[in-house]
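# no FASTA, just this:
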Ligand SMILES: O=C(CO)COP(=O)(O)O
């Protein structure tokens, strides 16, 4: 079982839903479990995906995903960041990305990279 975290900033949530829909076959497979930050998870659920939604990003969701990476419970992170917006929880965002590098966990921050990662599964 592989656990993939999906996260998208508000300006990228539509892109995330589109990405999920385009890769529904692999993401719906029994071998993949999805976890997400709160609002991203709600959007994914509305699109018909089975997702474990954690806290919303600004309220600690990124930190929970980061902890999952450190605990080796999360094996891939797809994080569509909005590079044109400011985020009050920027330290948490950097922590998540740092821990992906500490633990050598694949991290995609845009759809093109995420697509290549899924193709590599
Ligand atoms: O803020 C986020 C990532 O940094 C995403 O959080 P939400 O999915 O709750 O909007």
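Cool, the structure landed. Computed from a prediction, not measured in an experiment: that's the story for all the values here.
# Return the residues of this protein in contact with the ligand.
Contact residues (C-beta under 6 Å from any ligand atom) of the chain with the ligand: 7, 9, 37, 38, 39, 40, 56, 57, 58, 61, 62, 93. Where C-beta positions appear, they are placed from N, C-alpha and C, glycine not excepted.
# residue contacts, residue 63?
If a contact means C-beta atoms under 8 Å, 6 or more residues apart in numbering, then residue 63 has 92, 95, 96 as its contacts.
# Outside of the helix or strand where residue 114 lies itself, list whatever touches it.
Mapping residue 114 onto the secondary structure by DSSP states H and E places it in helix 111-119. The set of residues external to helix 111-119 that reach it, using C-beta under 8 Å, 6+ apart, is 15, 19, 23, 26, 27, 76, 78, 80, 106, 108.
# which strand is the longest one in the protein?
Scanning the chain for the longest strand, with DSSP state E as the assignment, gives strand 2-8.
# Centre of the chain to whatever helix or strand comes next after that one, how far?
Using DSSP H and E, the next helix or strand after strand 2-8 towards the C-terminus is helix 13-22. Taking C-alpha atoms, centre = their mean, to the nearest Å, one finds the center of helix 13-22 at 12 Å from the center of the full chain.
# Stretch 7-21 too?
The gap between the average C-alpha position of stretch 7-21 and the chain average comes to 10 Å, counting by C-alpha atoms, centre = their mean.
# and that stretch, average pLDDT?
The average pLDDT within stretch 7-21 is 98.
# For it, buried residues please.
7, 8, 9, 12, 13, 15, 16, 17, 19, 20 (16 or more other C-beta atoms under 10 Å).
# cool, stretch 64-72 as well?
Residues of stretch 64-72 classed as buried: 64, 65, 66, 67, 68, 69, 70 (neighbour count, 16+ other C-beta under 10 Å).
# Just give me the closest of those residues to the ligand.
Comparing the buried residues of stretch 64-72 against the ligand with C-beta to the nearest ligand atom picks out residue 65 as the nearest, at 8.5 Å.
# OK, contacts around the closest one?
With contact taken as C-beta under 8 Å, 6+ apart, residue 65 is in contact with 5, 7, 35, 37, 54, 74, 77, 96.
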